[in-house]
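Novice: For reference, the sequence and a predicted model appear below.
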Amino acid sequence: MVRPSIVILLLLAGVAPRAFASTCEATVESNDAMQFTTRSLVVPAGCDRFTVVLRHAGKLPATTMGHNFVLGRTADIAGIVADGMKAGATAGFVKRGDARVIAATPVIGGGATTSVTFATTRLRAGESYTFVCTFPGHAPIMRVRVPRGN
Ligand code: ZN
């Protein structure tokens, strides 16, 4: 299956960043195979705020195949995931008030869509960021590194 979202994101990054500077939004796709099918995320330099739309293209419920989108520095991800697990389902597997979390959506099930809008002021050039799903057992597979370009 072709993955159109990847193509679109790469276009944003490489070909016409200026033309798309006002597009401060990206969609991240996930599925019942415990995958983020979107493997890249680009935050254009001109965006003060950025919105990530998380879509779950599967059919399984949130209790068995729940996905969220949690963004943090790559160095912080292990701690974010461990504390999210302890926080449990009622907290959406994200520790309340976790300062390491840059952005997080609620957990959704198949067919659902959610989003989060966050300030980009914490994103630094040269730093490595990663987004994960913190649903128990998913983070080792559902993890995508996002280098901050410019
Ligand atoms: Zn998940």
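Specialist: Sure, I can see it. Small disclaimer: the values here were computed from a predicted structure and weren't measured.
Novice: Start and end of stretch 88-97, how far apart?
Specialist: 14 Å (C-alpha to C-alpha, to the nearest Å).
Novice: for stretch 119-133, same thing?
Specialist: By C-alpha to C-alpha, one end of stretch 119-133 lies 20 Å from the other end.
Novice: can you tell me the average pLDDT over it?
Specialist: The pLDDT scores in stretch 119-133 average 92.
Novice: can you list contacts of it?
Specialist: Applying C-beta atoms under 8 Å, 6 or more residues apart in numbering, the contact partners of stretch 119-133 are 28, 30, 36, 41, 43, 47-50, 52, 66-75, 77, 80-81, 102, 138-139, 142-150. All C-beta atoms are positioned from the backbone trio N, CA, C, and that covers glycine.
Novice: isn't residue 80 right up against residue 70?
Specialist: Yes. At 6.3 Å, residue 80 and residue 70 qualify as touching, with contact defined as C-beta atoms under 8 Å.
Novice: Pull up the overlap in contacts between the two.
Specialist: In contact with both residue 80 and residue 70: 94, 101, 132, 134, using C-beta under 8 Å, 6+ apart.
Novice: Between residue 80 and residue 70, which has more neighbouring residues?
Specialist: It is residue 70, of residue 80 and residue 70, that has more neighbours when counted by other C-beta atoms under 10 Å, with 28 against 25.
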